[in-house]
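**Student:** Need coordinates for the below:
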Amino acid sequence: MNPILLRFVLACLLLPCLSTAAGAQGVSFPDLGSAVPGHKDTTYLDLARMVIPDLAADKDGFCRGSMPIQMRHIEGPDSGGSPPETSGFSDAGVLNFKASGKDRLAMLFDLGSSSDSAEGFAVLALYDLAGKPRLLDAVNVAVDRSTYFRDPGKLQIGPSDDAIITLSTHFNSSQGYVSTPLILVRDDRLELIDMIYTFDESLCAYRRTQELAFQTVADGQPYAAIKATVTDATVPNGESCDDPAPEASSRDICVTYHWDGTAYVKGSDALDKLAGENANRF
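**Tutor:** Okay, here's the model as predicted:
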């Protein structure tokens with residue numbers, strides 16, 4: 001599917017489950033050749049070159065380069081695939097946010113996948129633009145074939161801090177798989193809070209969807225508590241099928257993450273159990 005069309009489809013699918021607490025200013029997709037605000041001599045392509053040094057745009061604006069700099073996967077050293085030998089992308093998501101009271105910029109570019117990996121390779125890069133633009137950190141956030149910011153891409157967790165939210169996904173004719181990393185920026189490093197897995201299924205007799213939403217609750221800690229809710233709904237469609245449709249149902253699976261002074265700790269394993277249930281449905 002065309003990347004722009006896929007992004008539009010994802011936005012339509014995810015719109016109902018976005019929390020207003022995530023903030024009004026979301027992800028943008030500026031022309032990569034345009035200047036970064038406040039830096040007339042630096043383009044977004046220049047920022048991307050801090051990750052892929054030989055990156056260049058062709059006459060159609062498609063960016064091509066070789067391997068990115070060495071980076072870890074957001075889940076740790078045992079996760080993630082290899083980057084493709086040739087990197088390429090036509091656009092990149094850009095997100096302005098706050099970390100420890102400082103203005104920061106994140107860029108996300110999906111580089112595709114290598115020949116030996118079923119999942120893609122997507123760079124989430126963190127920049128400081130206060131003076132001369134500089135790269136602070138970069139991680140691979142791909143967990144599936146295609147990776148994006150989850151619009152609007154951030155969740156306010158304090159007066160001067162935002163968490164970042166991306167998603168990785170792939171679809172087939174009747175199933176949709178979404179992995180959602182919730183990411184904290186602390187000491188100018190990208191840290192995983194949790195990875196949340198959801199699964200949609202559209203069969204002859206019914207449709208089952210799992211919509212994820214976030215909200216924050218101030219609890220006196222430097223970072224607010226984060227409540228993640230997956231609404232798991234089954235809706236019969238009235239079609240005559242070989243298998244009978246299940247009854248209509250809806251349930252909320254909720255987990256709250258609390259800051260304990262050193263890290264976010266989740267209050268239960270309910271979302272892990274849901275992921276296990278979903279795996280049995282694949």
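
**Student:** shaky segments in the stretch 101-250 of the chain?
**Tutor:** Under the criterion pLDDT under 70, the flagged ranges of the stretch 101-250 of the chain are 115-117.

**Student:** and with 80 instead?
**Tutor:** Per-residue confidence for the stretch 101-250 of the chain (pLDDT under 80) gives these ranges: 113-118.

**Student:** can you give me the strands for it?
**Tutor:** Under the criterion DSSP state E, counting those that start in this stretch, the stretch 101-250 of the chain contains strands at 102-110, 122-128, 134-140, 146-158, 161-171, 175-186, 189-202, 206-217, 225-236, 249-259.

**Student:** So which bits of the third one are buried?
**Tutor:** Meaning strand 134-140. Using 16 or more other CB atoms under 10 Å as the burial criterion, the residues of strand 134-140 that qualify are 136, 137, 138, 139, 140. (Glycine included, C-beta is placed from N, CA and C.)

**Student:** The second one reaches residue 186, doesn't it?
**Tutor:** Read that as residue 137. No. Between residue 137 and residue 186 no contact is recorded; they are 10.5 Å apart, counting by CB atoms under 8 Å.

**Student:** Would you reformat the strands of the stretch 101-250 of the chain as JSON lines and include distance to residue 43?
**Tutor:** JSON lines is the format used below for the strands of the stretch 101-250 of the chain (distance: least, CB to CB, whole Å):
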{"stretch": "strand 102-110", "distance to residue 43": "12"}
{"stretch": "strand 122-128", "distance to residue 43": "13"}
{"stretch": "strand 134-140", "distance to residue 43": "15"}
{"stretch": "strand 146-158", "distance to residue 43": "20"}
{"stretch": "strand 161-171", "distance to residue 43": "22"}
{"stretch": "strand 175-186", "distance to residue 43": "23"}
{"stretch": "strand 189-202", "distance to residue 43": "23"}
{"stretch": "strand 206-217", "distance to residue 43": "32"}
{"stretch": "strand 225-236", "distance to residue 43": "34"}
{"stretch": "strand 249-259", "distance to residue 43": "37"}
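
**Student:** Residue 76: which of those strands is closest?
**Tutor:** In terms of CB to CB, the element of the strands of the stretch 101-250 of the chain nearest to residue 76 is strand 189-202, at 8.0 Å.

**Student:** Tell me which strands that closest one pairs with, and in which orientation.
**Tutor:** Next to strand 189-202 in the sheet, as set by DSSP bridges, lie strand 175-186 (antiparallel), strand 206-217 (antiparallel).

**Student:** Helix or strand next in line after the strand or helix carrying residue 46, which one?
**Tutor:** Assigned by DSSP states H and E, residue 46 falls within helix 44-49. The first helix or strand that comes after helix 44-49 along the chain, using DSSP H and E, is strand 56-57.

**Student:** From the chain's centre, how far out is that next one? Work that out for me.
**Tutor:** Between the centre of strand 56-57 and the centre of its chain there are 25 Å (CA atoms, centre = their mean, to the nearest Å).
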